[in-house]
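*Asks:* Need coordinates for the below:
(one chain, ligands or ions: 1)
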Amino acid sequence: MISDCLSVNSLGHLTISGCDTIELAQKFGTPLYVMSEDKIREVCRKYVLSFQKYYDGFGCPIYASKAFSCKEIYRIVIGEGLDVEVVSGGELYTALSAGVPAEKIHFQGNNKSLEELSYAVKQEIGDIVVDNLQELFHIQDLAEKAGKKVGVSFRIKPGIDAHTHEFIRTGQIDSKFGLDLQSGEAFQTVRKALTFENIVVRGLHCHIGSQILETLPFVHAAEVMLDFFVQLRQELALEPEFLNLGGGFGIKYVESDDTIPYEDYMRLVSEMVHQKCREQGLTVPKIYIEPGRSIVGEAGITLYTVGAIKEIPNVRNYVSIDGGMFENPRYALYQASYTCLVANKAGNPAEYTATIAGKCCESGDLIQENALIQPPEEGDILAVLSTGAYNYSMASNYNRNPRPACVMVSQGIPRVIIRRESYEDLVRNDI
Ligand code: LLP
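*Replies:* Take a look at the predicted model:
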C-alpha cells in the first residue's frame, strides 16, 4: 500500500489506522475525507527528530497549513513541536482560534491585504514574511501606529528550477513571489528594513516548489541563500537569526513516485550549512523548513459511493462517484495522479480500467483517467489515496455541493473534526 497507515482486513476491506473504511462510510456518509492522526504525528516526529539528530534542534519544522487547515490539525502539529505557516487572515484566525501561540506563526503571501497585515501586527505574530517593498512600508506604518515592533523575514527568489509541475513552481525569477537576488532587489529591501524603527529583521526565506522528489535542489537553494547571508554580513553587518528553506517535499501518490526519506534532507542541508558557515566565518543560523503536503498528504484518503457506470465500447468506462472537482480539483487543475481502489473489494485484483468521474456539470470534472481498479458495481465504496493535502483546503461549493465531512482516525477510533456542510450552510450568507 502507498501509505503504511493503510491495510486490507480479513473481509477484504481497506483499513486506515485500524478503522474499516466501509464502516466509516456507513457511519459518516460519503464523500468523506479520512485522515490518520497516527500517520500525521509519525511524519511530524520524523521531521523534529531529524532536526535534533542533524542540527542540534536549532530551529524546527513549520507546518504549511495551506495543505490542510482546520482547528484540529493546528492542535496536533503544535503538540508535536512544530511552528505554523499561514497565508491568509482566514488561516491566521483559524490557527489563533485553535490556540496556536502567536509567536509560533509565520505569515506568508505575495499580496497580504492591509487588513490582514494589521491583524497580524495586532496579534504580535512571530514572523511576517515580507514579499515586496510596498508591503515592508505597510508593515512599518501599521507597527508604528500600533506602537509595536514586528519581526519579519524576507521571501527571496533563489532562482532554482526544481523540475516540478509548472503551476506549482515558485522559486524561479519569473514568479509572483518574493524578491529577486540577482538584480539587487532583495538586498535593497533588507537594507531599507534596517532603517525602520518598528521592524526587526529576523530571517530569510525561500521556497523552490512543491512535490519535489530529489534533495539536490534544496541543498543548492540553501547554498545560494547562505551566499546572501555572506553579502548581508559584509555589506550591512547583518547576521539574520534564521534561514527558512520552505517546503516542497514530495509524497507518494502512485507506486512509481520515488520519495526521499525526510531525514535525508536535514542531514544534507546541515552538512552544507555547517561547511559553508565554517568557510565564511558565519554564525550558524537557525534553520526552518516548511512542509505542508508531506505532513498530511499520505495520511488522508477520500471515500465515495459509486453511482452510475457508463461503459462506452472502444472509448472508456466512466465510473461516477458522489464527489468530484468541488472536493478534489487537483486532476482538473494539474492532471494530478492518484491511486484509486474499490475499498470493499480491496483484496481483489485491480483489472478494470476506469475513468473516475465526479458529479459536477462539467466534462473536465474527473478525479482520474484510466485508473486500474477492482471491477466496480453501483453502491461500492471507492477510495482515492493520498488526498490529505490540497483537497479539503482547495474544495469549493461548485454546483452548490456541500463540502464533505472530515474524520480523524487514531488506533482504530474515528472522530469528526470537520462537520459535513448542510444545505442551510450553503445559503447562510445569501440575502
Ligand atoms: N512554503 C511556501 C512559501 C509555499 O508556497 C508552499 C506551497 C509551502 C511552504 C508548502 O509546500 P509543500 O510542502 O506542501 O509542497 N495546490 C498545489 C500545491 C501548491 C503549493 C503552494 N505552496 C497542489 O495541489 O499540488
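
*Asks:* alpha carbons only for contacts and neighbour counts from here, please
*Replies:* Will do.

*Asks:* Quick one: distance of stretch 247-259 to the chain centre.
*Replies:* Remark: stretch 247-259 is offset 13 Å from the chain centroid, using Cα atoms, centre = their mean, to the nearest Å.

*Asks:* Stretch 43-59 now?
*Replies:* Counting by Cα atoms, centre = their mean, stretch 43-59 comes out at 19 Å from the chain centroid.

*Asks:* And for stretch 45-62?
*Replies:* Here stretch 45-62 is found 19 Å from its chain centre; the criterion is Cα atoms, centre = their mean.

*Asks:* who's in contact with it?
*Replies:* For stretch 45-62, the surrounding residues in contact (Cα atoms under 8 Å, 6 or more residues apart in numbering) are 80-85, 242, 262-263, 266-267, 270, 286-291.

*Asks:* For ChimeraX, what selects the buried ones among these?
*Replies:* Restricted to buried positions by 16 or more other Cα atoms under 10 Å, the ChimeraX selection for the contacts of stretch 45-62 reads:
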select :80,82,83,84,85,242,262,263,266,270,286,287,288,289,290,291
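
*Asks:* Now do the contacts for L117.
*Replies:* 138-139, 142.

*Asks:* tell me which residues in the helix or strand harbouring it are buried?
*Replies:* Per DSSP states H and E: L117 is located in helix 114-122. Using 16+ other Cα under 10 Å as the test for burial, helix 114-122 gives 116-121.

*Asks:* Likewise for stretch 400-407?
*Replies:* In terms of neighbour count (16+ other Cα under 10 Å), stretch 400-407 has its buried residues at 401-407.

*Asks:* secondary structure class for the closest residue to E91 other than its chain neighbours?
*Replies:* Excluding its sequence neighbours, the residue lying closest to E91 (Cα to Cα, 6 or more residues apart in numbering) is S69, at 6.8 Å. Per DSSP: H, G, I helix; E, B strand; the rest coil, the secondary structure class of S69 is coil.

*Asks:* Now the lowest-mean-pLDDT helix or strand in the chain: buried residues?
*Replies:* Across the helices and strands of the chain, mean pLDDT, DSSP states H and E gives its lowest value to helix 262-280, namely a mean of 92. The neighbour-count criterion (16+ other Cα under 10 Å) identifies 262-263, 265-266, 269-270, 272-274, 276-277 as the buried residues of helix 262-280.

*Asks:* In the sheet, which residues pair with T302? Tell me.
*Replies:* T302 has the following beta-bridge partners by DSSP bridges: Y33, V384.

*Asks:* Relative to the ligand, how far out is it?
*Replies:* To the ligand, T302 is 15 Å away according to Cα to the nearest ligand atom, to the nearest Å.

*Asks:* Give me every residue in the stretch 301-431 of the chain lying close to the ligand.
*Replies:* 330, 390 (Cα under 6 Å from any ligand atom).

*Asks:* where do the helices sit along the stretch 301-431 of the chain?
*Replies:* Taking DSSP state H, counting those that start in this stretch, the helices of the stretch 301-431 of the chain run over residues 330-334, 423-427.

*Asks:* which of the residues in the first one are buried?
*Replies:* When you say that, I think you mean helix 330-334. 330-332.

*Asks:* got it, and stretch 298-316?
*Replies:* Within stretch 298-316, the residues that qualify as buried are 298-309, counting by 16+ other Cα under 10 Å.

*Asks:* repeat for stretch 335-349
*Replies:* For stretch 335-349, by 16+ other Cα under 10 Å, it's 337-347.

*Asks:* Include distance to N429 and pLDDT when you put these into a markdown table, please.
*Replies:* Formatted as a markdown table, those follow (distance: Cα to Cα, whole Å; pLDDT from 0 to 100):
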| residue | distance to N429 | pLDDT |
| --- | --- | --- |
| S337 | 35 | 98 |
| Y338 | 34 | 98 |
| T339 | 37 | 98 |
| C340 | 36 | 98 |
| L341 | 37 | 98 |
| V342 | 37 | 98 |
| A343 | 37 | 98 |
| N344 | 39 | 98 |
| K345 | 42 | 98 |
| A346 | 42 | 98 |
| G347 | 45 | 97 |
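
*Asks:* what about L382, how many neighbours?
*Replies:* Other residues near L382 come to 32 when the count uses other Cα atoms under 10 Å.

*Asks:* How about Q234?
*Replies:* If you count neighbours by other Cα under 10 Å, Q234 ends up with 11.

*Asks:* Relative to Q280, how far out is it?
*Replies:* Relative to Q280, Q234 is positioned 11 Å away (Cα to Cα, to the nearest Å).

*Asks:* and if you look at K345?
*Replies:* 60 Å.

*Asks:* interface residues of the stretch 1-150 of the chain facing the ligand?
*Replies:* So the stretch 1-150 of the chain meets the ligand at 64, 67 (Cα under 6 Å from any ligand atom).

*Asks:* Show me what residue of the stretch 1-150 of the chain gets nearest to the ligand.
*Replies:* A64 (5.1 Å; Cα to the nearest ligand atom).

*Asks:* List the contacts of that residue.
*Replies:* 84-86, 247, 290-293.

*Asks:* Specify the beta-bridge partners of it.
*Replies:* Beta bridges link A64 to E85 when assigned by DSSP bridges.

*Asks:* If you drop the residues flanking it in sequence, what lies closest to D161?
*Replies:* Q172 (5.9 Å).

*Asks:* Assign a three-state SS to the one you found, would you?
*Replies:* Per three-state DSSP, Q172 ends up coil.

*Asks:* and of the helices of the stretch 301-431 of the chain, who's closest to I160?
*Replies:* Nearest to I160 among these is helix 330-334 (21.1 Å), distances taken as Cα to Cα.

*Asks:* So which elements touch the closest one?
*Replies:* For helix 330-334, the packing partners by 3 or more Cα pairs under 8 Å, 6 or more residues apart in numbering; DSSP states H and E come out as strand 366-373.

*Asks:* So which elements touch the strand it packs on?
*Replies:* Packing partners of strand 366-373 (3+ Cα pairs under 8 Å, 6+ apart): helix 330-334, strand 340-342, strand 352-357.

*Asks:* Is it possible to get TSV of the ones you listed that adds distance to D56?
*Replies:* Formatted as TSV, these follow (distance: least, Cα to Cα, whole Å):
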stretch	distance to D56
helix 330-334	38
strand 340-342	41
strand 352-357	47
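
*Asks:* Could you list the alpha-carbon positions for the least confident helix or strand of the chain in PDB?
*Replies:* Provided in PDB are the C-alpha atoms of helix 262-280 (Å, rounded to 0.1, in the frame of the first residue of the first chain):
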ATOM      1  CA  TYR A 262      12.600  13.100   5.100                       C
ATOM      2  CA  GLU A 263      15.600  12.700   7.400                       C
ATOM      3  CA  ASP A 264      18.000  12.800   4.400                       C
ATOM      4  CA  TYR A 265      17.000  16.300   3.800                       C
ATOM      5  CA  MET A 266      18.200  17.800   7.100                       C
ATOM      6  CA  ARG A 267      21.300  15.600   7.000                       C
ATOM      7  CA  LEU A 268      22.400  17.100   3.700                       C
ATOM      8  CA  VAL A 269      21.300  20.600   4.400                       C
ATOM      9  CA  SER A 270      23.100  20.500   7.800                       C
ATOM     10  CA  GLU A 271      26.400  19.300   6.200                       C
ATOM     11  CA  MET A 272      26.200  22.100   3.700                       C
ATOM     12  CA  VAL A 273      25.300  24.900   6.100                       C
ATOM     13  CA  HIS A 274      28.000  23.900   8.700                       C
ATOM     14  CA  GLN A 275      30.600  23.700   6.000                       C
ATOM     15  CA  LYS A 276      29.700  27.000   4.400                       C
ATOM     16  CA  CYS A 277      29.500  28.800   7.800                       C
ATOM     17  CA  ARG A 278      32.900  27.400   8.700                       C
ATOM     18  CA  GLU A 279      34.400  28.600   5.400                       C
ATOM     19  CA  GLN A 280      32.900  32.000   5.600                       C
END
